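Student: Quick one, fold the following:
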Amino acid sequence: MLEQPTPNTGQPMSLHIGIECDRGGAGRVISELMAHLPSAGVGFRGIVANRPADLECNDNLHSFAHPGASLMKRLMNARSSIRAALEEFKPDIVASHFAMYSAPGMDLFKNTPTISHFHGPWADESRQEGAGAGAVAAKSCLERSVYKRSHRVIVLSKAFADLVTEQYGVGPDRVRLVPGSVDTERFKVSTSRYDSRERCGLPQDRPILVSVRRLVNRMGLSSLLDAMQDVVRAVPDVLLCIAGQGPLRQRLEGQADHLGIAENVRFLGFVHDPDLPYLYRAADINVVPTTALEGFGLVAAEAMAAGTPSMVTPIGGLPEVVSDLSPNLVFSGATSSEIAAGLIAALKGTIELPTDEDCRSYVHRRFNSRLMALRTADVYRELTG
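Tutor: Presented below is the predicted three-dimensional model:
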């Protein structure tokens, strides 16, 4: 059992350094820690490069870069912001959520314990998207230097624990597992699937799949579209809704046209945060077809918090998110034929998927944000006493 949160008096202070708050996997972790760490007994201050304009004003979080600022300007601002925060707040813990923005201040931390929240291998992700060898090597070197100097490295899954020890040389004794989290109240929409489809402008009389992904290579959307050829043959009225932005949109749209499944695929573009729970709720199945470097799979947990089962590829930490609920939620592999076989079996009812309530209660028990904050606070206390 986890310890109960300590009183809010005399609590240690943590300073968090990251890219942004409330968007993307790392940003969501920062926003959830900002909301829940204080009640778990640890104070929060944050400095991030990009602060969403629609985020409610919070004196505990500051941005150090303007949109469009050059890399050099961002790095200089990161260092000056780190210096100012250290002098003003005198944190007991420095928590890095992105190595590039923490590296400029590493020499300033001195005797302050440092923790790296490992959200993914930055260099490897760049390689997946076509970055040159020199850029990949530089990013890898920077990451390694930050993790080497961190007293603890917090990972989202056992898969990422293995990665940081094997690839970055972090000693297993310094690695701690704290799974990602979901704001379960936000995603627990009360509307029915019918009403959610009405709100999202989706048909009532078709099986609907949804995939909420950045449109980049490692997200596996090309494989999912290939799989849809077989799925459409078996379930002709199925509709796949792909939500998200990214450089591959035009190519993916062309692929759907070439495969002859354009009538079975909709590209929704960017979906605003208030609408996302309803999109998940509108679907029969959420599909996470990742092909590489998935540390947790936040979208899988978010969809299940809305009552929609998530079917995932057996990549990285994805199976750790869903398999304890049902092994049927994990595809046999990440190829298009394996994804197609799983979706067809689910849509035709030859395998059983968890109920809406099973999905919701499972996520609430395992991945709610307060639990993540308590687990994180326990790691911080290892260094603060």
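Student: Skip the chain neighbours and tell me the closest residue to residue 200.
Tutor: Across the structure, with CB to CB, 6 or more residues apart in numbering as the measure, the residue nearest residue 200 apart from its sequence neighbours is residue 282 (4.9 Å). In short, each C-beta sits where N, CA and C put it, glycine included.
Student: neighbours around that neighbour, how many?
Tutor: Around residue 282 sit 27 other residues, with neighbours defined as other CB atoms under 10 Å.
Student: Same question for residue 252.
Tutor: Residues contacting residue 252 under the criterion other CB under 10 Å number 18.
Student: looking at this, it is in a helix?
Tutor: Yes: the assignment for residue 252 (DSSP: H, G, I helix; E, B strand; the rest coil) places it in a helix.
Student: that older thread, hmm, the residue nearest to residue 200 is touching residue 201, no?
Tutor: No: under the criterion of CB atoms under 8 Å, residue 282 makes no contact with residue 201, lying 9.4 Å away.
Student: neighbouring contacts of stretch 347-355?
Tutor: Applying CB atoms under 8 Å, 6 or more residues apart in numbering, the external contacts of stretch 347-355 come out as 207, 231, 234-235, 238, 284-285, 304, 309, 311, 325-326, 328-329, 342, 345-346, 362.
Student: and stretch 292-300, average pLDDT?
Tutor: The average of the pLDDT scores along stretch 292-300 is 88.
Student: try stretch 267-286
Tutor: The average pLDDT within stretch 267-286 is 96.
Student: gap between the two ends of it?
Tutor: In stretch 267-286, first residue to last residue: 15 Å (CA to CA, to the nearest Å).
Student: what packs against the helix ranked longest in the chain?
Tutor: Of all segments of type helix in the chain, defined using DSSP state H, the longest is helix 71-89. Other elements packing on helix 71-89 under the criterion 3 or more CB pairs under 8 Å, 6 or more residues apart in numbering; DSSP states H and E are strand 13-20, strand 43-50, helix 99-102, helix 106-109.
Student: Output those in TSV; the columns should cover distance to residue 67.
Tutor: Listed next are those as TSV, based on distance: least, CB to CB, whole Å:
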stretch	distance to residue 67
strand 13-20	11
strand 43-50	7
helix 99-102	16
helix 106-109	26
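Student: Which among these is found nearest to residue 192?
Tutor: strand 13-20 (33.6 Å; CB to CB).
Student: strands paired with the closest one, and their directions?
Tutor: According to DSSP bridges, strand 13-20 has the following sheet partners: strand 43-50 (parallel), strand 93-96 (parallel).
Student: What residues of the longest helix of the chain count as buried?
Tutor: Of the residues in helix 71-89, those buried under the neighbour-count criterion (16 or more other CB atoms under 10 Å) are 74-75, 77-79, 81-82, 85-86.
Student: Which two among these are spaced furthest apart?
Tutor: Set against one another by CB to CB, those have their most distant pair in 74 and 86, with a gap of 18.5 Å.
Student: Output the helices and strands packed on helix 71-89 in JSON lines, with mean neighbour count, mean pLDDT and distance to residue 218 appended to each entry.
Tutor: JSON lines is the format used below for the helices and strands packed on helix 71-89 (neighbours: other CB atoms under 10 Å; pLDDT from 0 to 100; distance: least, CB to CB, whole Å):
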{"stretch": "strand 13-20", "mean neighbour count": "23", "mean pLDDT": "94", "distance to residue 218": "18"}
{"stretch": "strand 43-50", "mean neighbour count": "22", "mean pLDDT": "93", "distance to residue 218": "22"}
{"stretch": "helix 99-102", "mean neighbour count": "23", "mean pLDDT": "95", "distance to residue 218": "19"}
{"stretch": "helix 106-109", "mean neighbour count": "15", "mean pLDDT": "93", "distance to residue 218": "28"}
